[in-house]
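A.B. asks: Need the 3D shape of this:
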Amino acid sequence: MEYNFQVENIRCGGCVNTITTKLTEISQVKEVHVNIDERTVIIKTNPDSDSNIRQTLGRKLAKLGYPEIGSVDSNSLMTKATSVVSCAIGKVSNKS
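C.D. replies: As a prediction, the model looks like this:
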């Protein structure tokens with residue numbers, strides 16, 4: 001299955017690195033593609049993924065500071081701060 005998310009707060013390669021790294025830690029995720037300019041995250045999962053995988057992926061993105069545009073979590077001050085931290089971690093771990 002393929003799931004498309006349009007999300008808030010994607011700014012740079014650090015964001016991409018964090019999103020990709022954290023989502024691929026989920027066993028059902030096969031591939032993650034992030035487009036900074038379009039603010040999209042495309043996630044491919046195993047065909048046998050559980051029925052709640054889309055919600056799981058959406059919650060994970062929101063927890064990282066990249067909620068879906070228009071969602072309940074969309075761009076509160078805490079969400080923006082979380083995305084800055086996630087971005088910084090992604091930049092640092094990308095250099096390692």
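
A.B. asks: Now do the strands in this protein.
C.D. replies: Here the chain has its strands, by DSSP state E, at 2-6, 29-35, 40-45.

A.B. asks: which of the ones you listed sits most buried?
C.D. replies: Among the strands of the chain, the stretch with the highest mean neighbour count (mean count of other C-beta atoms under 10 Å) is strand 40-45, at a mean of 20. (Each C-beta comes from the backbone N, C-alpha and C, glycine too.)

A.B. asks: Looking at it now, give me its mean pLDDT.
C.D. replies: Average pLDDT, strand 40-45: 97.

A.B. asks: what's the angle between that strand and strand 29-35?
C.D. replies: Strand 40-45 and strand 29-35 are oriented at 170 degrees to each other (axes from the mean of the first three to the mean of the last three C-alpha atoms, to 10 degrees).

A.B. asks: Could you figure out how far strand 40-45 is turned away from strand 2-6?
C.D. replies: Using the same axes, to 10 degrees: strand 40-45 against strand 2-6 is 160 degrees.

A.B. asks: contacts for strand 40-45?
C.D. replies: Defining contact as C-beta atoms under 8 Å, 6 or more residues apart in numbering, one finds that strand 40-45 is touched by 1-7, 10, 19, 23, 28-35, 53, 57, 61, 66.

A.B. asks: quick one, helices of the chain?
C.D. replies: Shown for the chain, the helices assigned by DSSP state H span residues 13-24, 53-64, 77-95.

A.B. asks: Buried deepest among the ones you listed, which one?
C.D. replies: Greatest average neighbour count among the helices of the chain goes to helix 13-24 (a mean of 20), per mean count of other C-beta under 10 Å.

A.B. asks: what separates that one from the chain centre, distance-wise?
C.D. replies: 7 Å (C-alpha atoms, centre = their mean, to the nearest Å).

A.B. asks: Alright, calling it a day.
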